[in-house]
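[1] Give me coordinates for this.
(chains A, B and C)
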Amino acid sequence: MAEMNAKSPCDGLLPIAAGDVHLSEIPMTLMTSISPFKGQTAALSEALKAAHGMALPAPNRATGRDGARVVWIGREQVMLIGPEPAASLEAHGALTDQSDAWAVVRLYGEGAEDVLARLVPVDLRAAVFKRGHTVRTMLQHMSVSITRVGDSAFQIMAFRSMAKTLVHEVETAMKGVAARDAS
Amino acid sequence: MRITCPICGERDRREFYYVGDAVALSRPDPDDGDIAWDDYVHNRDNPAGVTRDLWYHEGGCGAWLVVTRNTVTHEVLQTELASDAKEAMA
Amino acid sequence: MRLSGKGLIDRTKPVSFRFDGNVFQGFEGDTVASALMANEVKLVARSFKYHRPRGVMGAGSEEANALLTVGRGAAQDPNVRATMQEIFDGLETRSQNRWPSLHWDMLSVNDLAAPFLGAGFYYKTFMWPKAFWEKIYEPIIRRSAGLGALSGAHNPDRYEKAFAFCDLLVIGAGPAGLMAALTAARAGADVILAEEDRLMGGRLNGETEEVGGMAGADWAAGVVAELEAMPNVRLMTRTTVTGAYDQGTYGALERVAHHLGDRGGRPLECFWRIVAKRAILCAGAIERPVAFQNNDRPGIMTASAVRTYLNRYGVAPGRRVTVFGNNDGVHQTARDLIAAGVHVAAVIDNRRDATDSNDYPVYRGAEVCNSSGRKGLESVTFRSLSGEDKVETDCLAVSGGWNPSVHLTCHMNGRPVWNEAIQSFVPVDGMIPGMTTAGACQGTFSTHGALSEGAAQAIVALDTLGISAKVTDIPKAEDAPYEVAPLWAVGGKGRAWLDFQNDVTVKDVKQAASENFASVEHMKRYTTQGMSPDQGKNSNVAALAVLADATGRGIPETGTTTFRPPYVPVSIASLGAGAQGAGFAPQRFTTSHNVSVDRGAPMIEAGLWYRPSFFPARGEKTWRQSCDREVNMVRNAVGVCDVSTLGKIDIQGPDAGAFLDFVYTNMFSTLKVGRTRYGLMLREDGTVMDDGTTARLGEQRYVMTTTTAAAGPVLRHLEFVHQCLCPQMDVQMISVTEQWAQFAVAGPKARDLLNDLVDDDLADENWPFMACGPIKVLGVGGRLFRISFSGERAYEIAVPARFGESLFGELNRRAEALGGGLYGMEALNVLRIEKGFITHAEIHGRVTAFDIGMERMVSAKKDCVGKTMSERPGLSGADREQLVGLKPVGPVKQLTAGAHLFEVGAAAVRENEQGYTTSVGYSPTMESYLGLAFLRNGRGRHGEEVVMVDHLRDVTARCVVCDPVFFDPEGGRVRG
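    Coordinates of the predicted model:
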């Protein structure tokens, strides 16, 4: 009998490194987009807290930690990353499985900010973009979600079909930064 | 050019998709007649000065915005969520 | 000639480079200009129009004469200013606009023809015959006039772009800029200091004056060292701020590796978009030349450039130097020359009250009126009250005063104002919101003034940001008043240059005025004054003064032209950095991509996606053979095709049904759970926007499919309708295109293929046509839709994308076992044409539901987007071009897409046009070409013959008009 083999979005593309900066794929996990129904935002937040220990994050913010995170991803949209969504959430919002829709990578190392400064039109310096901050923005021509997950570590999410372009763009910027740092 | 999204904050223009006059919020009723519909779909002013238009934060949070700006000075005077503006009209 | 003991060059590091094939030596810290000057090379360029010999004129980015081509081959970089290009070992440079060589330039005959080549020459001469312009005149002009050229080959250099943010951007690191940056940095503000030079310090690096009791350059280096150590400061050298844009955005070009022989992976340039809450322009000023007869000879340069070469580079620009001007700078120049041991032949000062000197001869109230020397200056003639005199000299330092670098302040339409005292234009407050000016660019020419203004403007800027900055002690510095007498053009007969780069002379400007091109904007365009790469930095103010004089107006009334970005030339490559090759647009790959490529399928672009065109089998030589086989396979057995690229949108909420009723022409609230329905979507103007199927997965849950091309626009439209038209609706939507790998399994054996792959019994009573629902595929949770785009029994099976490649391979194996296999876009297209199914080739933005025969899908029971406007007169009826099928019936059996339709016997001209073809293909099923077309009153003309004419491909075919559904019109096959 044939088997269904899973393949991650960045299979064969990562990890890579240039200078002190590394790019690696975050192993696939459950990802569920949640959008509150009308007037249900507070109730949804309560339900999230009760079921998963994390409140609904405000815009541009992420709650939780590695393994269980809720990341704001847009107007009236958050992404629950890690846990299987509790059934109790369904009464309060639209839940959609997005586990396979995104290429999720981790960019880390001294200089990660400089790499992103070559790709992203948003100020991501540590003084203004702190741990737990997130943005929906563009990386070159791609729509992305970027979250600071460490002092010099970022989680970047892009559409799965664009994984190769994502790696190409980030790698090009990484090499440019590494070449300058080498001097 | 930079536009302040009420949700995301101040962002570069490249994240936004421009549509046109905010008259698009004021959809006539089906039986309001040809003139009302022509004005809604086709007829546009081209003001030198303050204008209200719709932008879509496509490269960001996905919100539709009403942006009030001055076409002469390029000053952005106000931004608001289109959904708020529409609900305020009701 | 190199002088010992002077300059900011590193004499322990000799560097050799090439100019026009010859090897020259310089030192680290030299530019090509300073190194050539040290080697006594004076002739470095030929002028644009007259091919006049030219030498270095300045020492900065405004250089108008010394433009070179740097590098070789594909990467050659034309029009590089020798004054900005730092030398490195192996650097290769060449002169431009000369043939066969710089010294023997055939086209220097243009100079003799000068009387005919003045302003307006082209407009007057090349008028007739009209046909000559493109073929004869323009090529000749292009060959004889011009600057450097690109190689024409793909540029292999890497360019970069970057974004930066700060509280305060300081533009220019002269005394004002350094002081502004220091004051702000010490207050803790986030500061970016951008300087186009390699060294910060501005004029201080080229002068002998002291600041704070030490050499000016040392003081600057000390400030830079302090700034460098502060974490809140970003110092950017070799970075020119090129433009001021809306809401505090500034463009800046960083020359990252132009000065390196071994770039070590660095980009050549980086274009920065800097977002600054506040900015201070400290761009300094540019010394202006004076127009006099033959003022363009090699060896004639600005006085400040002479001081820079002396003091910064330790180079004497000549052995017998003459200085000419209208301000005290000429005397400073003479003093610096003498201190460096260079002979000063004369100082010619047009002010009658100029100070005298014991160290050099001073001619007061005098003006230089001519020069001589073929490829380098040999003497100048000057005129004073006592008549004309001549002085032997090989270098003339000229100062006509200074023009503040106001350019950036004008980038948002602001106009600078005339300042009589300094005889130049100065900016006024508020020209760029958030930006102020300090120092020489504001017309403050003393060093003390610049330092004080820099500090003061920083305090003001920070105050608006709520940051309080302390008043820093202003170091002691030169504070002499600036006195200047107007001196633009010395009277005389011959040609006196204003715009050196475009060969515009005083005579040209006067001629423009006399021919009534008297407005400054007209004069500019008629003469090309200020339209060269230096954008008139060296010449505009003088040209205005000449125009003002010729028209009898004052300079303020004459006004200025508009300075626009960029301040210096910017390569398109840096503006578009990263957006070439693979970076041009994101590439979207399906999960089956590798399998398709392995099978030899040529991949074609569909939007950003890559999809297989066809799957060549052994022995097939043409795409048509593959396509025919794949079509037959689907009609007779089973085919598999990746349809993941279609847009999929998850729509949920209590109002989901009502929302779909509003965006689609037909009803979706009445659709049963577990069923799918075809939907048609209009734009508000009544034309068709998109079509697709939408499945109801639950009471409050639908999944909509869109065409591949319209996936983004449709989601944007749905969000518009929700947020802008009916925000009261309780509905949420999100794209799930990327979540699912979805494959069409089509053909009479489709059910056989799937039966033991899924956990459900696919009997037709459970899974009739248009059924949908969740299903397990080899143990994995997926979805099944019984929909068809081929007219055959067909299913679309979806699994989470991680399993896509695996499932695609399995479907292929099973299809092949049943006599089927994979099919690509070509076969998919033929299959749908056979069935008359539309794509965006038909719904191209100008057709209505009526045109495609779907007017009955616009429900009468409800309002929907586009309904009202679709009912307008003229959008339906017999005059409309309506969708029909076409079959060739004459001797020519081929049809082409985009061809026009005519009545039999009518001339094939626009007036007789009856319609056009949109999609064609050869149908192996019908053994004929088939076409879809729009034909006037087409539905009433089935059976009639028309003529298809493709003027482009020269195909004319007689066709019969028929129903667009060619195959299985009853639709029996799709139901099984």
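
[2] Give me the three-state assignment for C:Thr676.
    The three-state label given to C:Thr676 by DSSP: H, G, I helix; E, B strand; the rest coil is strand.

[3] now the residue lying closest to it once chain neighbours are set aside, which residues is it bridged with?
    Nearest residue to C:Thr676, sequence neighbours excluded (CB to CB, 6 or more residues apart in numbering or on different chains): C:Ala695, at 4.2 Å. No exception for glycine: its C-beta is placed from N, CA and C like everyone else's. Listed by DSSP bridges, the beta-bridge partners for C:Ala695 are C:Thr676, C:Val703.

[4] Do I have it right that C:Ala695 meets C:Phe785?
    Yes. With contact defined as CB atoms under 8 Å, C:Ala695 reaches C:Phe785; the gap is 5.9 Å.

[5] can you tell me which residues contact the residue nearest to C:Thr676?
    Going by CB atoms under 8 Å, 6 or more residues apart in numbering or on different chains, C:Ala695 touches C:675-676, C:702-703, C:705, C:772, C:785.

[6] Just the buried ones among those, please.
    Buried members of those, scored by 16 or more other CB atoms under 10 Å in any protein chain shown, are C:675-676, C:702-703, C:705, C:772, C:785.

[7] Do a quick rundown of the helices in chain A.
    Under the criterion DSSP state H, helices of chain A are mapped to A:41-52, A:112-117, A:163-181.

[8] and what of the stretch 551-700 of chain C?
    Along the stretch 551-700 of chain C, the segments classed as helices by DSSP state H, counting those that start in this stretch run C:555-558, C:572-575, C:593-598, C:623-636, C:656-663.

[9] Can you work out which other helices and strands pack against the first one?
    Under the contact criterion of 3 or more CB pairs under 8 Å, 6 or more residues apart in numbering or on different chains; DSSP states H and E, helix C:555-558 touches strand C:417-419, helix C:540-551.

[10] and if we set it to 7 Å?
    Packing partners of helix C:555-558 (3 or more CB pairs under 7 Å, 6 or more residues apart in numbering or on different chains; DSSP states H and E): helix C:540-551.

[11] Can you list the neighbours in contact with the helix it packs on?
    Applying CB atoms under 7 Å, 6 or more residues apart in numbering or on different chains, the external contacts of helix C:540-551 come out as C:288, C:291, C:400, C:403, C:424-425, C:488-489, C:498-499, C:506, C:509-510, C:513, C:518, C:520, C:523, C:529-530, C:554-555, C:558, C:560-561.

[12] What average pLDDT does that helix get?
    The pLDDT scores in helix C:540-551 average 95.

[13] Likewise for stretch C:340-349?
    Mean predicted confidence for stretch C:340-349 is 97.

[14] Specify the residue positioned farthest from the middle of chain B.
    Using CA atoms, centre = their mean, the residue of chain B lying farthest from its centre is B:Asp31. It sits 24.8 Å away.

[15] wait, what's in contact with residue 52?
    I'll assume chain A. Counting by CB under 7 Å, 6+ apart, A:His52 touches A:68, A:80, A:83, A:86.

[16] wait, chain C
    C:Arg52 neighbours (CB under 7 Å, 6+ apart): C:46, C:111, C:296.

[17] again, 8 Å this time
    Shown in contact with C:Arg52 (CB under 8 Å, 6+ apart): C:46, C:108, C:111, C:296, C:503.

[18] how close does C:Ala305 sit to C:Val597?
    Per CB to CB, to the nearest Å, C:Ala305 is found 60 Å from C:Val597.

[19] the more surrounded of these two?
    Comparing C:Ala305 with C:Val597 by other CB atoms under 10 Å in any protein chain shown, the one with more neighbours is C:Ala305, at 25 against 14.

[20] Double-check that that one belongs to a helix.
    Yes. Under three-state DSSP, C:Ala305 falls within a helix.

[21] And the pLDDT at it?
    In this model, C:Ala305 is scored at 98, pLDDT.

[22] give me phi/psi at the residue nearest to it when sequence neighbours are not counted?
    Distance criterion CB to CB, 6+ apart; nearest residue to C:Ala305, sequence neighbours excluded, is C:Ala59 at 4.1 Å. Phi and psi for C:Ala59, reported as degrees, to the nearest 10, are phi -140, psi 20.

[23] shouldn't C:Ala59 be in contact with C:Ala33?
    Yes. Shown here, C:Ala59 and C:Ala33 form a contact pair, counting by CB under 8 Å, at 6.9 Å.

[24] Tell me the pLDDT of the closest residue in space to C:Ala542 that isn't next to it in sequence.
    By the measure of CB to CB, 6+ apart, the closest residue to C:Ala542 outside its immediate chain neighbours is C:Trp488, 4.8 Å from it. pLDDT, C:Trp488: 96.

[25] What is the burial count for C:Trp488?
    Quick note: C:Trp488 (other CB under 10 Å) scores 24 neighbours.

[26] returning to what we had before: between C:Ala695 and C:Phe785, what contacts are shared?
    Common neighbours of C:Ala695 and C:Phe785 are listed as C:676, C:772 (criterion: CB under 8 Å, 6+ apart).

[27] For C:Glu515, see how far away C:Arg939 is.
    Counting by CB to CB, the gap from C:Arg939 to C:Glu515 is 65 Å.

[28] quick one: which of C:Ala59 and C:Ala33 has more around it?
    C:Ala33 (33 against 28).

[29] Run through the residues that contact the more buried one.
    Per CB under 8 Å, 6+ apart, neighbours of C:Ala33: C:44, C:56, C:59, C:63, C:66, C:82-83, C:85.

[30] Pull the most distant pair out of those residues.
    Within the contacts of C:Ala33, two members stand farthest from each other by CB to CB: C:Val44 and C:Ala59, at 13.6 Å.

[31] Which positions in chain A make contact with chain B?
    Contact residues (CB under 8 Å from any CB of the partner chain) of chain A with chain B: A:59-60, A:74-75, A:77, A:121-122, A:135-138, A:143.

[32] Quick check: C:Lys390 vs C:Glu738, distance?
    Per CB to CB, C:Lys390 is found 81 Å from C:Glu738.

[33] The two: which is more packed in?
    For C:Lys390 versus C:Glu738, the count of surrounding residues by other CB under 10 Å is larger for C:Glu738: 21 against 12.
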